[in-house]
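> Have a look at this prediction, sequence included:
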Amino acid sequence: MSYTTISTVHARAQYGGGSETAKTLKQQWSEPISTKIEYLATNRVVVEISRVAKRAKNWDGFGSDQPDRKAVANAVNAIDTFAQQVSQAGLEWMHPHVGSNEDGEISFEWWNGNKKLTVYVGSEENHYVSSWGHNIDTNMDAGPLPLDGFLKQWRWLRQLHN
């Protein structure tokens, strides 16, 4: 078992996320290819979440909070859900940039041309910011993001035109 796989299984167990944690490798690799792709897609992201979760208070030198443990657990679960929705819709998955913000939320960022989708996963709720230009009044949208609302944002991001 590779270091990445061990780290991912550890992260999923530590933060309470992922349906793959309880599965044996034999069960996991006898599943359909779509399930394998979802697992591989989220593995890398979970490792990044684990890395970001280790940040201490004031990690950026500006007094930002360390990542909230509940937000980290929610992020692990959210990325599983997001990858599953994208896979089931037959769409292409792109790995996000994983970070955290000053409030201890975990952030996922994706780009497609001039479009950017940022999802903030908190301890209680998630929200998104989508942008397609520099004008904050006319080229940006934001709001709450329930887990089942991700696919709508993903479809917007992957479209070639607004």
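Sure thing, it's come through.

> Need the pLDDT of Gly104.
For Gly104, the model assigns a pLDDT of 97.

> In a helix, it, correct?
No - if the criterion is DSSP: H, G, I helix; E, B strand; the rest coil, then Gly104 is coil and not within a helix.

> wait, isn't it in contact with Asp60?
No - the pair Gly104 / Asp60 is not scored as a contact, 12.0 Å apart, by Cβ atoms under 8 Å. Quick note: C-beta positions are derived from backbone N, CA and C, even for glycine.

> So the two - more neighbours on which side?
Gly104 (19 against 10; other Cβ atoms under 10 Å).

> Next, the contact list for the more buried one, please.
Ser64, Asp65, Gln66, Pro67, Asp68, Ala71, Gly122, Ser123 (Cβ atoms under 8 Å, 6 or more residues apart in numbering).

> Does Asp141 touch Thr118 like I think?
No - counting by Cβ under 8 Å, Asp141 stays clear of Thr118, with 11.2 Å between them.

> any shared contact partners between the two?
Common neighbours of Asp141 and Thr118, using Cβ under 8 Å, 6+ apart, are Val129, Ser130.

> Between these two, tell me which one has more neighbours.
Thr118 (20 against 12).

> And the more buried one, how far from Pro144?
14 Å (Cβ to Cβ, to the nearest Å).

> next one: Val86
20 Å.

> And those two? Which one has more around it.
More neighbours surround Val86 than the other of Val86 and Pro144, with 21 against 9 (other Cβ under 10 Å).

> How about the contacts made by the more buried one?
So Val86 contacts Glu92, Trp93, Leu151, Trp154 (Cβ under 8 Å, 6+ apart).

> follow-up on the earlier one: ok, the contacts of Gly104 vs Arg158, which is closest?
Minimum distance to Arg158 across the contacts of Gly104 is 24.9 Å, recorded for Gly122 (Cβ to Cβ).

> which residue sits closest to that closest one, ignoring its sequence neighbours?
Glu105 (4.5 Å; Cβ to Cβ, 6 or more residues apart in numbering).

> what about that neighbour, how many residues close to it?
The number of residues packed near Glu105 is 24, by other Cβ under 10 Å.

> pretty sure it is touching Arg69, no?
No - using Cβ under 8 Å, Glu105 is not in contact with Arg69, being 12.0 Å away.

> Right, I'll leave it there.
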